[in-house]
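1. structure here, sequence nowhere to be found:
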């Protein structure tokens, strides 16, 4: 039998029990689609697939309320139909300009053409956007739909509610995807291996690693970005590029990973926690001052504070170097307290709580890693080059953002691309090309089917594409944590806002000396991508090659066939599939 979400939900938002039951009873589990990740992109896609009748499994290594989507402050970029000066063509032009020659114009046009319809779908779901449209960097017009300065939280909540009520969606929390599964010597992804730790912490002597294989006709990676590879980041600690590592190990192509966008204005509290100060605040009139309180943005670009994020971040780094400081100021003092409280309540109240009144005080900020522009190469339908494997959201690279993401286009991408991928998966199912259930390699334990109807070869072998594992041994976990800290240190030092070839090469050599892990795989891919781009373009700035080169106006694509990294030759475990009991 299959435990779906509704079997044990009992009106709760999510349920952990069914996974434990699967483990204890050793059932083989099959779903139409497995979505790995529970941010805006993953939840929206799962909702659409379930509405069309699919049984969907959502795997989240954290609580589904704790993804990075909820931290988005700015909003969703979409043309205001009431603004007769703005147009779809203008939004397309701004996106292409920001992408600096690497956008896929067809993808840009397709996504933006569906933007208004998909945003309205969210409104019907219960998202209550504010009446006005805000302005953000490099947008020609006010076209940012928002909910105060907490848009991500407002958008994600009704999606979590919708998923929680849908008995065709099963949600697993606390299980980490450790490997994609393929038929041995085959090309199709047929499932995912998940692991979790029992017990409360590493000091629990009864703690053990528990594993489960979940089978599906389609596997969608929606794992978010890689910002946590950097010491200074706006991303949650767990966003380390997991999906990119899993996809690479399975043979997927990785595109433009060198393009990591740094948000220019991030406040670091005494607690060490980073807090993003939305550029919408600059769009409302806030300015940047160096540590000597002098304005400087116009010295670097005519658009001053409203230039693209890569330009503003480099300007800030330059000013910090000139003034021998580790911060610049955001000056919002010309904005009234009433305006700040109304339009930026989250930012204003947070700053007030840590001792800064934006209406009267200058706020120290500096750049921090914010958004991974590159990722798993896909088409607009989320398809990778590996059969059965899709990617969506920040972990994917479909040509929408190019070399530099335009502000607030990322939430829009998550919203719209879920529609494209759902259509693709459902279309293939109708055509009978994907939804073969068990004809290739796996057993579906479902009361409506019998094994006679779905014959399988018990001796057929499957391949775990990766060999990552959790540990329940305290000393081993300490070593893993120390290893990750070393990765963060070298990536932060040499792959930040400014880069040099010599430092990039030394990073690769250093990474080779570290223990294998998902973070090392992603860091190595990031570093190799940066090394291959011998120019400056978008979010990738080479101090030793500061100009863009026509010959380099192409994407950087890495795969296991095109490059070798030290951990790529580690053995893959081959196991015999065992019939369900």
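-> The structure has been received and is ready for your questions. Treat the numbers as computed from the prediction; the structure is a model and nothing was measured. Numbers count the residues shown, from 1 in each chain.
2. for the stretch 101-250 of the chain, what spans make up the helices?
-> 105-113, 115-125, 151-165, 242-249 (DSSP state H, counting those that start in this stretch).
3. in CSV: these, plus mean pLDDT.
-> Listed next are the helices of the stretch 101-250 of the chain as CSV, based on pLDDT from 0 to 100:
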stretch, mean pLDDT
helix 105-113, 97
helix 115-125, 94
helix 151-165, 91
helix 242-249, 98
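4. mind listing what the most centrally placed residue in the chain touches?
-> Most central in the chain under CA atoms, centre = their mean is residue 224, positioned 1.7 Å from the mean C-alpha point. Contact analysis of residue 224 by CB atoms under 8 Å, 6 or more residues apart in numbering lists 37, 39, 67-68, 235, 239, 243, 393-395. Heads up, the C-betas are built off the backbone N, CA and C, glycines and all.
5. which one of these is nearest residue 344?
-> When the contacts of residue 224 are ranked by distance to residue 344 (CB to CB), residue 68 comes first, at 20.0 Å.
6. and that closest one, how many neighbours does it have?
-> 23 (other CB atoms under 10 Å).
7. and it, what does it touch?
-> 39, 224-225, 235-236, 239, 394.
8. neighbour-wise, which one of those leads?
-> Most crowded among the contacts of residue 68, counting by other CB under 10 Å, is residue 394 at 33 neighbours.
9. okay, that one and residue 213: tell me how far apart.
-> Remark: distance between residue 394 and residue 213 (CB to CB, to the nearest Å) = 26 Å.
10. with residue 539 instead?
-> 37 Å.
11. ok, residue 196 next?
-> On the measure of CB to CB, residue 196 and residue 213 end up 13 Å apart.
12. which two among the contacts of residue 68 are spaced furthest apart?
-> Among these, 236 and 394 lie farthest apart (CB to CB), at 12.1 Å.
13. backbone dihedrals for residue 255, both of them.
-> Main-chain torsions, residue 255, degrees, to the nearest 10: phi -120, psi 130.
14. got it, and residue 263?
-> phi -80, psi 130.
15. report how many residues lie close to it.
-> Around residue 263 there are 24 residues (other CB under 10 Å).
16. the chain should start at 785 in everything you say after this.
-> Okay, using 785 as the starting number, the last item reads as residue 1047.
17. my read: it touches residue 1094, true?
-> No. The pair residue 1047 / residue 1094 is not scored as a contact, 10.6 Å apart, by CB atoms under 8 Å.
18. what's near enough to touch the nearest residue to residue 1071 once chain neighbours are set aside?
-> Leaving aside its chain neighbours, residue 1071 sits nearest to residue 1115 (4.9 Å; criterion: CB to CB, 6 or more residues apart in numbering). Residue 1115 sits next to 1070-1073, 1146-1147 when contact means CB under 8 Å, 6+ apart.
19. measure residue 1115 to residue 1133 for me?
-> 19 Å.
20. and the end-to-end length of stretch 1294-1311?
-> 11 Å (CA to CA, to the nearest Å).
21. looking at residue 1323 and residue 997, which one has more neighbours?
-> residue 1323 (27 against 19).
22. quick one, grab the pLDDT at the more buried one.
-> Residue 1323 carries a pLDDT value of 96.
23. how many residues are close by the residue nearest to it when sequence neighbours are not counted?
-> Of all residues not flanking residue 1323 in the chain, residue 1043 sits nearest, at 4.4 Å (CB to CB, 6+ apart). Using other CB under 10 Å, residue 1043 is surrounded by 31 other residues.
24. how near is the closest residue to residue 859 other than its chain neighbours to residue 869?
-> Distance criterion CB to CB, 6+ apart; nearest residue to residue 859, sequence neighbours excluded, is residue 930 at 3.3 Å. Residue 930 is 20 Å from residue 869, where distance means CB to CB.
25. neighbour count winner among those two?
-> residue 930 (26 against 9).
26. and the more buried one, what are its phi and psi?
-> The phi/psi pair for residue 930 (degrees, to the nearest 10) is phi -150, psi 170.
27. so in the protein, which strand runs the longest?
-> The longest strand of the chain (DSSP state E) is strand 993-1005.
28. which parts of it are buried?
-> 994, 996-1005 (16 or more other CB atoms under 10 Å).
29. looking at those, which gets the smallest pLDDT?
-> For the buried residues of strand 993-1005, the pLDDT minimum is residue 994, 85.
30. chain center to stretch 1175-1186, what's the gap?
-> 9 Å (CA atoms, centre = their mean, to the nearest Å).
31. got it, and stretch 949-956?
-> The answer for stretch 949-956 is 22 Å, by CA atoms, centre = their mean.
32. equivalent analysis for stretch 865-872, please.
-> For stretch 865-872, the distance to the chain centre is 30 Å (CA atoms, centre = their mean).
33. and the average pLDDT for that stretch is what?
-> So the average pLDDT for stretch 865-872 ends up being 93.
34. now what about that stretch, what contacts it?
-> For stretch 865-872, using CB under 8 Å, 6+ apart, the contacting residues are 863-864, 896-897, 900, 917, 924-927.
35. one more time with 10 Å, if that's ok
-> 862-864, 874, 877-878, 893, 896-897, 899-900, 917, 923-927 (CB atoms under 10 Å, 6 or more residues apart in numbering).
36. and this protein, what are its domains?
-> 785-852+940-1043+1157-1365, 855-938, 1047-1154 (automatic domain parsing).
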